[in-house]
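> Model the following, please.
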Amino acid sequence: MDCEFEIRGNVPKEAFQLFASAQAKTLGLRGFITQVNEELYRGQLQGEGKVIEAFKKLILAAAEYVQAIKEFIIKNLKVIQEYTYKTFEVKVNQK
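Here you go, the predicted model:
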C-alpha cells in the first residue's frame, strides 16, 4: 500500500522527526516525513495496510506527543505493485 499522511500539532521538530522515522523503520515502512511549517508535517508511507495503521496508532499513543498532536490524516491510500522508496527518511524542507 502507498499513502500520503499529515500530522498537525505543536510538536518539537527534531525529536519528533527522529521518533517517527525510528517507528517507521522498526515497522518496516518506507517513505519519508518532512516539516512543512511549525504545526504541519507531511510525508509518504509505503507498506502493508495494517502496518500503516499500526504506525498511526503508535504516533498517536506516544506519551510525549499525545497532547501535542492534534490530528493524523492518511490520504490517497492505494495498492502499489512495488516500492519506490528503499527505506524511511527525514527530508529537510527546502525553504
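> lowest-pLDDT helix or strand in the protein?
The helix or strand of the chain with the lowest confidence, counting by mean pLDDT, DSSP states H and E, is helix 13-27 at a mean of 90.
> name the helices or strands packed onto whichever strand or helix holds residue 89?
Using DSSP states H and E, residue 89 falls within strand 88-90. For strand 88-90, the packing partners by 3 or more Cβ pairs under 8 Å, 6 or more residues apart in numbering; DSSP states H and E come out as helix 13-27, strand 30-37. For glycine as for every other residue, the C-beta is placed from the backbone atoms N, C-alpha and C.
> residues in contact with the longest one?
So the one you mean is helix 13-27. The contact list for helix 13-27 (Cβ atoms under 8 Å, 6 or more residues apart in numbering) reads 7, 30-31, 33, 35, 41, 43, 45, 47, 51, 54-55, 58-59, 62, 64-65, 87-90.
> helix, strand or coil for the most far-flung residue of the chain relative to its centre?
What lies farthest from the middle of the chain is residue 81; by Cα atoms, centre = their mean that is 20.9 Å. Under DSSP: H, G, I helix; E, B strand; the rest coil, residue 81 falls in the coil class.
> Next one: it from residue 55, what distance?
As judged by Cβ to Cβ, to the nearest Å, residue 81 and residue 55 stand 21 Å apart.
> next one: residue 2
With Cβ to Cβ as the criterion, residue 2 and residue 55 are 13 Å apart.
> okay, and the common contacts of those two?
Listed as contacting both residue 2 and residue 55 by Cβ under 8 Å, 6+ apart are residue 45.
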